[in-house]
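A.B. asks: Quick one, structure for this:
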Amino acid sequence: MLTLRIAAVFGFLAVALGAFGAHGLKSLLDSHGTAAIWQTAVLYHLAHSIAALWAAERRPPVAWIWFAGIGIFSGTLYLLAVTNIRWLGAITPIGGLLLLAGWALLIFRPGSRTN
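C.D. replies: Below is the predicted model of the structure:
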């Protein structure tokens, strides 16, 4: 299933980017003072990748919303952390709203399953 594979790719990238930030980009992130921003991007990226693995077969639309949310939320934070272009932070909340929208769909439209 496509959504399951994409969720796995997102999870793979979260781990890879976490390691890259901790090792390969450490001096750059330290010089910009953006290591915590990178860590926040990785945290939300990984958490929603794992959630998307669950949603991939049960609620594919939720997984797709989370993919978009990860791309915008974590993507803008990754770019901000590396480039130190602060206006990217103004775009980040759009991704956050998409992440929230995925959770809201599960709350208000839980699906037909009872488990």
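
A.B. asks: And for Leu79, nearest residue in space, chain neighbours not counted?
C.D. replies: Among residues not flanking Leu79 along the chain, Leu88 sits closest, at 5.3 Å (C-beta to C-beta, 6 or more residues apart in numbering). (Each C-beta comes from the backbone N, C-alpha and C, glycine too.)

A.B. asks: if I look at the one you found, how far off is Phe73?
C.D. replies: 11 Å (C-beta to C-beta, to the nearest Å).

A.B. asks: What of Val42?
C.D. replies: Distance, Val42 to Phe73, using C-beta to C-beta: 11 Å.

A.B. asks: Same check on Pro93?
C.D. replies: Distance from Pro93 to Phe73, by C-beta to C-beta: 8 Å.

A.B. asks: Between these two, which is the more surrounded one?
C.D. replies: Ranked by neighbour count (other C-beta atoms under 10 Å), Pro93 and Phe73 place Phe73 first, with 25 against 13.

A.B. asks: re earlier: show me what contacts the residue nearest to Leu79?
C.D. replies: When contacts are counted by C-beta atoms under 8 Å, 6 or more residues apart in numbering, Leu88 is found next to Thr76, Leu77, Leu79, Leu80.

A.B. asks: Kindly recompute the last result at 10 Å.
C.D. replies: Residues in contact with Leu88 (C-beta atoms under 10 Å, 6 or more residues apart in numbering) are Ile37, Gly75, Thr76, Leu77, Tyr78, Leu79, Leu80, Ala81.

A.B. asks: ok, now Leu4?
C.D. replies: Ala52, Leu53, Ala55, Ala56, Glu57, Pro60, Ala63.

A.B. asks: How much space separates Phe10 from Trp54?
C.D. replies: Note on Phe10: its distance to Trp54, by C-beta to C-beta, is 13 Å.

A.B. asks: can you tell me which two in the contacts of Leu88 are farthest apart?
C.D. replies: Maximum pairwise distance among the contacts of Leu88 (C-beta to C-beta): 12.3 Å, between Ile37 and Gly75.

A.B. asks: Mutual contacts of the two, please.
C.D. replies: Shared contacts of Ile37 and Gly75, defined by C-beta under 10 Å, 6+ apart, are found at Leu88, Thr92.

A.B. asks: Looking only at neighbour counts, state which of those two leads.
C.D. replies: Ile37 (23 against 18).
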